[in-house]
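1. Let's see this in three dimensions:
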Amino acid sequence: MAHICEPHQSSNPEFSPGKVRRMSGAESNKTLEVLSVSEDEEQVMQSRGLVFQRYVQPCVAELLGTCLFVFVGCASVVGDTGTAGVLQPAVAHGLALGTLITVFGQISGGHLNPVVSLSVYLCGGMKLVLLLPYVTAQVLGAMIGAGLVKVAFPAVSYAAVHGAAFEPSVGDVGRATLAEVMMSTFLTTVVCMTAVNQRTTTPWAPFCIGLTVTANILAGGVLSGACMNPARAFGPAVAAGHWNHHWIYWVGPTCGALLTVCFVRFLFGDQNTRVVLK
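-> Prediction:
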């Protein structure tokens with residue numbers, strides 16, 4: 001019978017056709033070592049992939065998501081002709097946020113907001129090791145998004161609204177702060193109850209969260225601008241250099257998030273989330 005592939009001829013009798021060569025003990029050990037090294041390399045690659053997926057990829061998603069959200073939100077304010085009032089920014093912010101949460105929710109949770117990350121962590125929805133990287137990524141993303149708005153729009157339109165930087169619409173900063181506390185409480189409560197608390201989670205969470213932002217802007221835009229997001233306030237403030245009463249947009253949303261944590265942890269959370277009366 002003719003061979004399909006002729007074996008390589010060798011002067012060494014151990015390699016002659018028809019002979020089966022037995023490996024020595026040293027060669028067998030060497031083969032096992034090679035196999036072991038290959039398995040170790042595969043485990044290292046898998047470990048790196050898990051590290052990227054668990055820690056790097058979520059932060060990148062938060063950076064890009066916040067950048068897009070701030071860009072659309074600021075653009076809706078800078079490009080507003082004034083005929084629709086707060087309707088245009090309200091709809092733009094709500095639609096953008098709901099869409100981005102749907103896109104990035106399975107990667108990072110789609111927080112896009114430092115106080116959302118804070119409330120989610122305190123309600124047991126994320127690890128502490130990710131909290132500071134998330135906030136850093138969100139702030140950087142907001143700065144990039146706000147900077148792109150400054151580049152994209154004419155200087156006159158941009159300066160007319162201070163680059164969509166926030167400033168209380170009422171003279172009393174106490175009222176503006178209270179408005180931010182209440183609206184941020186509403187937003188973070190919806191986030192924690194629809195996306196974190198196992199008893200009340202729903203696939204409609206992105207829609208509910210986006211709709212909450214729209215409702216808050218319609219209700220409180222005339223009071224404080226309805227920020228609810230320190231990153232959304234910080235990015236335009238840096239780009240436009242407009243810092244009037246900027247502290248309101250950190251203090252108000254943070255207090256709102258802490259109120260939500262108290263409600264969820266003590267009253268509305270499921271058995272695993274509540275810290276009392278389990």
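2. Neighbours of residue 257, how many?
-> Residue crowding around residue 257 was assessed by other CB atoms under 10 Å; the count is 29. Any C-beta I mention is one placed from the backbone N, CA and C, and that applies to glycine too.
3. That one and residue 119 touch, don't they?
-> Yes: taking contacts as CB atoms under 8 Å, residue 257 lies within contact range of residue 119: 4.1 Å.
4. what do the two both touch?
-> Residues touching both residue 257 and residue 119 by CB atoms under 8 Å, 6 or more residues apart in numbering: residue 188.
5. What strand or helix carries the residue nearest to residue 136 when sequence neighbours are not counted?
-> For residue 136, ignoring the flanking residues on the chain, the nearest one in space by CB to CB, 6 or more residues apart in numbering is residue 59 at 7.9 Å. Residue 59 belongs to helix 57-78 when elements are defined using DSSP states H and E.
6. Can you give the distance of that helix from its chain's centre?
-> 10 Å (CA atoms, centre = their mean, to the nearest Å).
7. Report the buried residues of that helix.
-> 58-59, 61-78 (16 or more other CB atoms under 10 Å).
8. Find the residue ranges of the stretch 51-200 of the chain scoring beneath the pLDDT cut-off.
-> 81, 83-84, 170 (pLDDT under 70).
9. redo that, cut-off 80
-> Low-confidence segments of the stretch 51-200 of the chain (pLDDT under 80): 81-85, 169-171.
10. hang on, isn't residue 107 packed against residue 61?
-> Yes: here residue 107 reaches residue 61: they are 4.4 Å apart, a contact under CB under 8 Å.
11. Where does residue 198 sit: helix, strand or coil?
-> coil (DSSP: H, G, I helix; E, B strand; the rest coil).
12. For it, give me its contacts.
-> Contacts of residue 198 by CB under 8 Å, 6+ apart are 270, 272, 273.
13. gap between it and residue 185?
-> 21 Å (CB to CB, to the nearest Å).
14. what's the answer for residue 101, then?
-> Residue 101 is 19 Å from residue 185, where distance means CB to CB.
15. swap in residue 105?
-> 22 Å.
16. out of the two, which sits in the more crowded spot?
-> residue 185 (22 against 18).
17. ok, the more buried one touching residue 256?
-> Yes: the pair residue 185 and residue 256 qualifies as a contact (CB under 8 Å) at a distance of 4.0 Å.
18. Now residue 79: phi and psi?
-> phi -90, psi 0 (degrees, to the nearest 10).
19. how about it, what does it touch?
-> 153, 157.
20. so what does the helix or strand hosting residue 210 touch, helix or strand wise?
-> Using DSSP H and E, residue 210 maps to helix 205-220. With contacts taken as 3 or more CB pairs under 8 Å, 6 or more residues apart in numbering; DSSP states H and E, helix 205-220 sits against helix 87-108, helix 173-191.
21. highest average neighbour count across these?
-> Most buried of the helices and strands packed on helix 205-220, by mean neighbour count (mean count of other CB atoms under 10 Å): helix 173-191, with a mean of 22.
22. what about residue 80, how many neighbours?
-> 19.
23. right, and the secondary structure at it would be what?
-> Under three-state DSSP, residue 80 comes out as coil.
24. Residue 87 is in contact with that one, correct?
-> No: the criterion here is CB under 8 Å, and residue 80 misses it with residue 87 at 9.1 Å.
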